[in-house]
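**Q** Structure, please.
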Amino acid sequence: MARSDPSASPTEHLWILGISLAAIIGSFVLQPSVHGLCVSVPGLGEGVRLPETCMSLRLFGISCPGCGLTRSFVAMARGEVVESFHLNPMGPVLFGICCFQLPYRVFEILGLWKTSTAWNRFKALLELSPWAILGGLMVGWLVRLVGWV
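**A** Numbering: from 1, shown residues only. Okay, here's the model as predicted:
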């Protein structure tokens, strides 16, 4: 059943805020290593290596549109923008979108700028963002498959 109000509920805003915050914090906690990514755990020395999670890469040997995003986020957190772009062309864009989510979702939860016409126009533009993100991931994936990056 469709809602009459297209804006998200406070619960939805909290979920997206939490997911975005986890992605950003994870980007700063994870560290690149020779074999992928690792998490430093006190008392275990070098860190715990994370397993490869892409099923497409595991099963077919072909990367998916999201391959490299975690490593790209980690590179962005370290200020390595060019490396981030090479790992996944959409990585820097999605990292920026996650960072933008923090103030945006807080403003929405608190109801700030609710009556602002400019804010409401901006929110209407944001409804197109999932399609832009999906399109960007697909274009980035094709660029990597062809070998341009």
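**Q** tell me the strands in this protein, going along the chain?
**A** 30-33, 36-39, 48-49 (DSSP state E).
**Q** Can you say which of those strands is nearest to Leu110?
**A** In terms of Cβ to Cβ, the element of the strands of the chain nearest to Leu110 is strand 30-33, at 30.6 Å. To be clear about C-beta, it is placed using only N, CA and C from the backbone, and glycine gets the same treatment.
**Q** Ser56: which of the strands of the chain is closest?
**A** Nearest of those (Cβ to Cβ): strand 36-39, 16.1 Å.
**Q** buried ones in that closest one?
**A** With burial defined by 16 or more other Cβ atoms under 10 Å, the residues of strand 36-39 counted as buried are 37-38.
**Q** Packing partners of that strand?
**A** strand 30-33, strand 48-49, helix 69-77 (3 or more Cβ pairs under 8 Å, 6 or more residues apart in numbering; DSSP states H and E).
**Q** ok, 10 Å please
**A** When contacts are defined as 3 or more Cβ pairs under 10 Å, 6 or more residues apart in numbering; DSSP states H and E, strand 36-39 packs onto helix 10-29, strand 30-33, strand 48-49, helix 69-77.
**Q** show me what contacts the residue nearest the centre of the chain?
**A** Closest residue to the average C-alpha location of the chain: Leu94 at 4.4 Å, with Cα atoms, centre = their mean. With contact taken as Cβ atoms under 10 Å, 6 or more residues apart in numbering, Leu94 is in contact with 23, 66, 69, 72-73, 76, 84, 88, 133, 136-137, 140.
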